[in-house]
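[1] Sequence below, structure please.
(4 chains)
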There are 2 protein chains.
Amino acid sequence: MSTADTPSASAGRKRADVRRNEQKLLDAAAAVFVRMGIDAPVREIAAESGLGMGTIYRHFPTRADLVVAVFRHQVDALAAAVDAAPTAGTPYEVLRQWVHQFVDFLVTKHGLAEALHSDQAGFESLHNEFVERLMPVLDQLLKASTAAGYTRSDVRAYDFMLAIGNLCIGVENFPDYQARRMIDLLLAGLARTAPASTGEEPEQP
Amino acid sequence: MSTADTPSASAGRKRADVRRNEQKLLDAAAAVFVRMGIDAPVREIAAESGLGMGTIYRHFPTRADLVVAVFRHQVDALAAAVDAAPTAGTPYEVLRQWVHQFVDFLVTKHGLAEALHSDQAGFESLHNEFVERLMPVLDQLLKASTAAGYTRSDVRAYDFMLAIGNLCIGVENFPDYQARRMIDLLLAGLARTAPASTGEEPEQP
DNA sequence: TTGAAAAGCGGAGCGACGCTCCGTATCGTG
DNA sequence: CACGATACGGAGCGTCGCTCCGCTTTTCAA
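    Sure thing, here's the model as predicted:
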C-alpha cells in the first residue's frame, strides 16, 4: 500500500467513459475547491461535474483521495522544484526559498493546511501523501544546509515539515495573522547561531 | 459585547435549578472532554449530565461557549501565572517558561489547539476568548524580554500566540510529531542573535 | 449486426452531527 | 394552595460523508 496503487493515472486500459468521467471529476473538484475551499461538500462536486455521487466514490474511495488526486501535479512540481534550483545561493537560502514555495502552495488552497492535520477519519491519506512526497525533499535540503554549517543538526525534517504546515493554518480565517513572519521566525531559529546569552538546546523531555 | 456578558458565573439571582443545572453541565462537559476530546457530540454531554439538549443550548448558545466556560478557570490561571513568576530568571527565560505552560495546557486538552483555529462557525468565540485573555500577558512578557535586549522587536504577540497554538496541532493524531521541539525552534528564532552568515530580516511582503 | 454479460452509473437512503422549537414540568411567590 | 413565570426535554430539521442496488451503457463474440 505504499508504492503503486493510485486509483487515478492511466493504469490498465479501462472503459472509455471511465477515463472521461475521472477527468470530469478532477476538473470539477478543482473548480469547486477554488470556489468553496477543500471542505466543499461532495454533493457540490457531483453537481458541478454533472455526475452522481456513486461515481465519485467509485473513483475516489474517500474525499481525501480526491483532494490528493487534484493536487498531485502541484505536489510533484514542488518535489521537483528542488532540482531546478534556479537562483541557487547558499544551501540555507535554497532551503528558505523552497519553504516559501511550500507556503505559497498551502495558503492558496483554502483549507488545505487545516485538512493536512485534521483528525477527520480518512484524511490520513492526505497527510501521508504530503509526507511521502515532500519530506524526502525537505530532508535533503536540510541535510545540505546543515552539512555546510548553516543550520543546526537537531531538527528532523518531519517535525519541520509539519511545523510549516501548521503555521499556515488560519491564514484566511484570521486575516490579522501573519503566517509568513512566523515561518521566517522558525527559519531563523533553524539557522545555526552563535549561542549567546540564555539557555539553549533544552533537552529536557 | 466585550466586557461583561458571560452567560455563566453567578450573575443576578436566578432560579435554584438553573444554577444547579449549569454546574451539572460544566462538570459533565469537563468529564466528557477528558474522555472524548473537545469535539465530543453535544448529545454525549447531555447524556452525561442527565439533562436535555435544550438545556445545554439555553445556557451556552453554542458548543464553543461551553468549551470556553469549561476552561475559563485554567485560562485565568495561565493569565495569572505571569505574576507569580516563581523561578524568575532572565525575562527571556520567564517568557520561555510561560510559553511552555501554555503548551502544556493546550496539548492536554484533546483537540483544543485544533478548535482554536477552526473555521467552524461559532468557534470564533473560543479564539477570541483566548486572544483577549492571554495575548496581553504574552505581549507583556515579550516586551519585557525585548526591552532587556534578549529578543527581537519585530514580532507581534498576536502572531506569536497563534503560532504557538498552531504548532501544537496534531500532537495526538501524529505521535511522531514533536511539537515541543518546534516550539523551542520558534523561541530560538525569537532570541536576538548575532546575525552571522546568511540573509536575515526578510522584509519583502 | 446483434444481444447478452460485464462494467459502470445515479441518487435515495443511512447514521451522525449541530442546533431549534414548543408542549410540558417545575419553581417560587401571594 | 394556586397560578404565572420560568426552564426543561427531546423529537425534528437541515446538512454532512458515505453506501447500496436497480438501471443504463459499453463491449465483444457470434
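[2] any idea what sits nearest the residue of chain A found nearest chain B, other than its immediate chain neighbours?
    The minimum distance from chain A to chain B, using CB to the nearest CB, falls at A:G189 (3.1 Å). C-beta: built from backbone N, CA, C; applies to glycine. Nearest non-adjacent residue to A:G189, counting by CB to CB, 6 or more residues apart in numbering or on different chains: B:G189, 3.1 Å away.
[3] Walk me through the domains of chain A.
    A:16-59, A:62-190 (automatic domain parsing).
[4] Wondering if the first one reaches DNA strand C at all.
    Yes. Domain A:16-59 lies in contact with DNA strand C when judged by CB under 7 Å from any atom of the strand; the contacting residues are A:D17, A:V18, A:N21, A:G50, A:L51, A:G52, A:M53, A:G54, A:T55, A:Y57, A:R58, A:H59.
[5] so which of the domains of chain A is the most packed in?
    Of all the domains of chain A, domain A:62-190 has the most neighbours on average by mean count of other CB atoms under 10 Å in any protein chain shown, namely a mean of 19.
[6] How about it and DNA strand C, touching?
    No. Using CB under 7 Å from any atom of the strand, domain A:62-190 never reaches DNA strand C; the gap is at least 11.2 Å.
[7] what mean pLDDT would you report for that domain?
    Here domain A:62-190 scores 93 as its mean pLDDT.
[8] Spell out whether that domain and DNA strand D are in contact.
    Yes. Judged by CB under 7 Å from any atom of the strand, domain A:62-190 and DNA strand D are in contact via A:T62, A:R63, A:A121, A:G122.
[9] Give me the local confidence score for A:P195.
    At A:P195, the model reports a pLDDT of 39.
[10] thinking again about what came up before, how about the residue of chain A closest to chain B, what does it touch?
    Contact analysis of A:G189 by CB atoms under 8 Å, 6 or more residues apart in numbering or on different chains lists B:D184, B:L185, B:L186, B:L187, B:A188, B:G189, B:L190.
[11] starting at the chain centroid, how far to the biggest helix by length in chain A?
    Longest helix in chain A, counting residues (DSSP state H): helix A:124-147. Averaged C-alpha coordinates place helix A:124-147 at 10 Å from its chain's average position (CA atoms, centre = their mean, to the nearest Å).
[12] now swap in stretch A:137-156 and tell me
    Computed by CA atoms, centre = their mean, the separation of stretch A:137-156 from the middle of its chain amounts to 20 Å.
[13] who touches it?
    Here stretch A:137-156 makes contact (CB under 8 Å, 6+ apart) with A:78-79, A:82, A:90-92, A:94-95, A:98-99, A:157, A:160-161, A:190-192, A:201, B:178, B:181, B:185, B:197-198.
[14] I'd like the distance between A:L190 and B:Y92.
    Spatial separation of A:L190 from B:Y92 under the definition CB to CB, to the nearest Å is 19 Å.
[15] Pull the contacting residues for the residue nearest the centre of chain A.
    Taking CA atoms, centre = their mean, the centroid of chain A lies closest to A:F130, which sits 4.9 Å from it. When contacts are counted by CB under 8 Å, 6+ apart, A:F130 touches A:V75, A:L116, A:M161, A:G165.
[16] Tell me which of the domains of chain A sits nearest to B:H110.
    With CB to CB as the criterion, B:H110 lies closest to domain A:62-190 of the domains of chain A, at 9.1 Å.
[17] Tell me where chain A has helices.
    All helices of chain A, identified by DSSP H, fall at A:16-36, A:42-49, A:53-59, A:63-84, A:91-108, A:112-116, A:124-147, A:157-167, A:179-190.
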